[in-house]
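Participant: Starting from these lines, generate the structure:
(chains A and B)
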Amino acid sequence: MTELSAHLPQFQHGQLTENFPDTHLSNTNDNSERRRHDNSERRRNDHAESETNGQPQNNIQQVVEQDEEEDEELTLKYGAKHVIMLFVPVTLCMVVVVATIKSVSFYTRKDGQLIYTPFTEETETVGQRALNSILNAAIMISVIIVMTILLVVLYKYRCYKVIHGWLIISSLLLLFFFSFIYLGEVFKTYNVAMDYITVALMIWNFGVVGMICIHWKGPLRLQQAYLIMISALMALVFIKYLPEWTAWLILAVISVYDLVAVLCPKGPLRMLVETAQERNETLFPALIYSSTMIWLVNMAEEDPEAQRKSKNSTYDKQASQTQNEDAEADDGGFSQEWQQQRDNRIGPIESTPESRAAVQALPSNSQASEDPEERGVKLGLGDFIFYSVLVGKASATASGDWNTTLACFVAILIGLCLTLLLLAIFKKALPALPISITFGLVFYFATDNLVQPFMDQLAFHQFYI
Amino acid sequence: MNLERVSNEEKLELCRKYYLGGFLLLPFLWLVNVVWFSLYLSQVCHLSRYVIRSAVGAALWGLGLGVWVGLFQTRRNQWGALGDALSFTQPMGEP
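Facilitator: Down below sits the predicted model:
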């Protein structure tokens, strides 16, 4: 999901939730900070007022203006915190992917390609290779478009069971099979003997607890950790099975597609969001990483009955949505044809359209209840996956190695910052891929082809700048 | 999921479900149960029953697993064919 949308308690694709009626909150740190700020502002304004005319209506106007200022302040305050709260999981995912790429050689070994990229890149001429990679990217993106449209159609005709089942199968595949392969490869890399009994127990535990946390109820931190892990696993599969030129082309094309799908009025993801809005449902909670801030916990004590009722209702809806969404988002990318390890033909692509179902910025008509869980920023798992693919590919294949990897990492974080800033300004669902991927690609090619040779020459000539 | 917003009865029910689920060879679930609900022991009555049992179960499993892994790693070579049959990965090179 490459969308960050503002507020929307119920939509979870990359939403930056900004609910303004916060001025009633009292206890938590943020609230107290805000109130101190508010109070100091009021005092200042009142003081200024009393110097001029101190009329009551001026004070009221002042208060209204202060409220608007406070709202803007609140937006910015939330924005900064939310940016940090998204940096951590994105960074963790990228760190896991890069660490695996660097240590486990399995993911950089060429063992065939996915059926979605049938054309090989081991051709004789550069032109042939370019043509093949363009064809591969075209096939991949059309698969994604078809999957997204299928998802929208299923959602429109309320085939929730199909979507739900698809998502469950998808996350089962990811949590059990891919992690089994990953574990096996890690053991082989470190030359550790391991018996089937322990491995079976570990995978069983990991998988079942993962399913429980993602699709049902579990601790928030554990759910976030599982979402990061499955994004990393997915990204590793992409890195392994996509040949080089195809991978870069696919990244570029997917950013464009994301932009189109989320922002165009007829875009599938936008239609998905609008349909969900009409039905007042949340979209794909499970496929979205939510960085909920817990600081609103005291709200429950403010107005217990109303708050709890509204929170529980939105939360229940969200929970059920999450199950739908999750399954869908995870499953989206999985086709069923996996074979053995050697010729893995997995279609993980399908997860991305779903996972990138846009979160739209619903006008807050249903957001009267300030559900703390919905106040966090939400970023789609597809975004995690593609960010990690970019950084992982950079670390796997760049001549500049760590320079290039770090440059791409910084580029992606800058892009994420900008996207969140735009989110705070526009307050609607936004695609999170285009800006970051563009920066990442630019930085990758620039660093690899310009900066790295420059630094090599400097080091070669022992010239320190 | 944020436990702050659910009622005590629901917390107890969730803890109980996690406890029962752990019997399906899921010591990790018991561990999660212990870590997650240990913060609420004072608030919810009867929660300690499930948390303590989950803790005991997880500890027993941990012990058993530790013993088995220790045995396997050190004695695998002596077990011959059985050791090879049990091995998921075998280290390469010289011992």
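Participant: does any part of the helix or strand harbouring residue B:30 sit near chain A?
Facilitator: Assigned by DSSP states H and E, residue B:30 belongs to helix B:27-37. Yes. Applying CB under 8 Å from any CB of the partner chain, one finds helix B:27-37 touching chain A at B:27, B:28, B:29, B:32, B:35, B:36. (C-beta placed from N, C-alpha, C; glycine too.)
Participant: ok, for residue B:92, nearest residue in space, not its chain neighbours?
Facilitator: residue A:191 (6.3 Å; CB to CB, 6 or more residues apart in numbering or on different chains).
Participant: How about the secondary structure of that neighbour?
Facilitator: Per DSSP: H, G, I helix; E, B strand; the rest coil, the local secondary structure of residue A:191 is coil.
Participant: Mind pulling up the pLDDT for it?
Facilitator: The score at residue A:191 is 89. That number is its pLDDT.
Participant: Go ahead and confirm it touches residue A:185.
Facilitator: No. Residue A:191 lies out of contact with residue A:185 (CB atoms under 8 Å); the separation is 12.0 Å.
Participant: of the two, who's got more company?
Facilitator: Between residue A:191 and residue A:185, residue A:185 has the larger neighbour count (other CB atoms under 10 Å in any protein chain shown), namely 20 against 11.
Participant: Setting aside sequence neighbours, what's the nearest residue to the more buried one?
Facilitator: residue A:106 (4.2 Å).
Participant: residues in contact with stretch B:82-92?
Facilitator: A:184, A:187-188, A:191-197, A:199, B:72, B:75-77, B:79 (CB atoms under 8 Å, 6 or more residues apart in numbering or on different chains).
Participant: among the residues you listed, which ones are buried?
Facilitator: A:184, A:187, A:188, A:193, A:194, A:195, A:199, B:72, B:76 (16 or more other CB atoms under 10 Å in any protein chain shown).
Participant: ok, the residues you listed vs residue A:124, which is closest?
Facilitator: Of all the buried ones among the contacts of stretch B:82-92, residue A:188 has the smallest distance to residue A:124: 34.1 Å, by CB to CB.
Participant: Let me know the secondary structure of the closest one.
Facilitator: At residue A:188 the chain is in helix, as set by three-state DSSP.
Participant: List the contacts of it.
Facilitator: A:106, B:89.
Participant: Okay, it and residue B:54: tell me how far apart.
Facilitator: 34 Å (CB to CB, to the nearest Å).
Participant: do residue A:244 as well
Facilitator: In terms of CB to CB, residue A:244 sits 49 Å off from residue B:54.
Participant: and those two? which has more neighbours close in?
Facilitator: Taking other CB under 10 Å, residue A:244 and residue B:54 do not tie; residue B:54 has more neighbours (25 against 13).
Participant: Please, which helix or strand holds that one?
Facilitator: Using DSSP H and E, residue B:54 falls in helix B:47-75.
Participant: Tell me where the model's unsure across chain B.
Facilitator: B:95 (pLDDT under 70).
Participant: Can you name the residues of it that neighbour chain A?
Facilitator: So chain B meets chain A at B:1-2, B:4-5, B:14, B:21, B:24-29, B:32, B:35-36, B:65, B:68-69, B:72-73, B:76, B:86-93 (CB under 8 Å from any CB).
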